[in-house]
Structure formats: C-alpha cells, structure tokens
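**Student:** coordinates only, sequence not included:
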C-alpha cells in the first residue's frame, strides 16, 4: 500500500470536524502571523494555539504531546519549520507576562524539539541568538538555556553525518569533541560558526550530485577521519 493511500485511509477514520480543521490550519497560522506583526498579541496567541491544536487533534494527541515524530522529516520539512516558528512566537508572547513564564518555557522546549536536527537549525539558532543579544526577554535565562540546547546539546553534526552516517565512530568522536570544547569561550564560538556554515556546505554537496560525492570521498572523509583522530587526544 502506498503512503498516499495509507494516509487517505487514515484520514477517512478521523471525525470530519478534525479533518476540516486540519485542512484550514494554515489559514489560522496566516492570521496569527498577521496579528503578531501588528502587535495584536492576544489575538496572535489564540490563532497560533488554534493552528497547533488543529495539528495535534489530527494526530489524536493534545498540543503538548505534538512531536516531530508525527511528520515526514523530508516531505513535511516546511510544516516542521512553521511549527517551530509558531512555538517561537508563542514563547516570546508568554514571556511578556510574569504569570505565564512557565508556559513560555514549555513553548521554548517545543521550539527546541522542532529545531534540533533539521536543516533550518542554524537559522533558528541565529534568530534566537540575536534575540538574546538584544536583551528583549524578561526571563532571559530560559532563552539562553534554549540556545544552549540547540547549539551544544544537539546531537547534530552535519558534515560528519553527511560523510560517515549518524552512528559512525568518526561522527561520535566529533560529538565528544564538541562537548569537550564547550567550557571554553573560543570553543563555543567555534560551535556557533560550525552550525552557521555546515548546513549550507552539506546542502551544496547534496545539490552537486556526483561532484559532491567525489569531493566527499576524496576530501571530506579523509580530512574528517584525520581530524577525529587528532581531537580524540584533546
């Protein structure tokens, strides 16, 4: 059975109101973004919540149980990005009220969950970094913690994963290296630069086709292998 046929059959089993709400979800999201840009925060929060709740209901869970596992990371990457942005705006909106800081932190956790490991990770990380730098947050520490989780605690090692795979010893060695340089200011700066540039580099190699594969085999893999052996002694 094809994936499209399977999805169609599963949709028929859902209540009509749930399916209709799911189909209209992007309308709610568009309204939310418009309200947010106009500074109408309460209306934006309501529309963002509608968008996320419509998604969650479609998968048979409550909004707080919404995870990337419900989506196809390749085919639905655009939706995953939109979800991360919805949680980002919600986290900032709730941060405005001291009584809602716990909800702000929860939305930040969801933002991190829908950010780590995806191609747009470096974009979200830089967006968060700039927000922190402007010191606009009332509960600044929670936003700094989210940034740390994205930049440091993420298992993402884009170039090594592209060259060797997720669980190769070289990839694991470079993940350990990342943890070891974390306590140093220059180490954190290195990690920031890495996450800013590596997704673009991987995307270039993927689009290059055969040329990218040749460069990977002849240059990237040998270089990363040698580097992993050197940093293992760090």
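**Tutor:** Cool, the structure landed. Predicted model only: the values in this text are computed from it and were never measured. Residues are numbered from 1 along each chain as shown.

**Student:** isn't residue 159 right next to residue 201, touching?
**Tutor:** Yes. Taking C-beta atoms under 8 Å as the definition, residue 159 is a contact partner of residue 201 at 6.4 Å. (C-beta placed from N, C-alpha, C; glycine too.)

**Student:** Which residue of these two possesses the greater neighbour count?
**Tutor:** Ranked by neighbour count (other C-beta atoms under 10 Å), residue 159 and residue 201 place residue 159 first, with 20 against 14.

**Student:** And for the more buried one, nearest residue in space, chain neighbours not counted?
**Tutor:** residue 198 (4.9 Å; C-beta to C-beta, 6 or more residues apart in numbering).

**Student:** Please apply the same query to residue 187.
**Tutor:** residue 181 (2.9 Å).

**Student:** wait, the one you found sits on residue 191?
**Tutor:** Yes. Using C-beta under 8 Å, residue 181 makes contact with residue 191 at a distance of 7.2 Å.

**Student:** what about the residue nearest to residue 187, distance to residue 210?
**Tutor:** Noted for residue 181: a distance of 35 Å to residue 210, by C-beta to C-beta, to the nearest Å.

**Student:** Which one of the two is surrounded by more residues?
**Tutor:** residue 181 (17 against 7).

**Student:** Now do the contacts for that one.
**Tutor:** Residues near residue 181 by C-beta atoms under 8 Å, 6 or more residues apart in numbering: 187-188, 190-191, 234.

**Student:** Could you turn the buried ones of those residues into a ChimeraX selection?
**Tutor:** The ChimeraX selection below is limited to those of the contacts of residue 181 classed as buried (16 or more other C-beta atoms under 10 Å):
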select :187,191
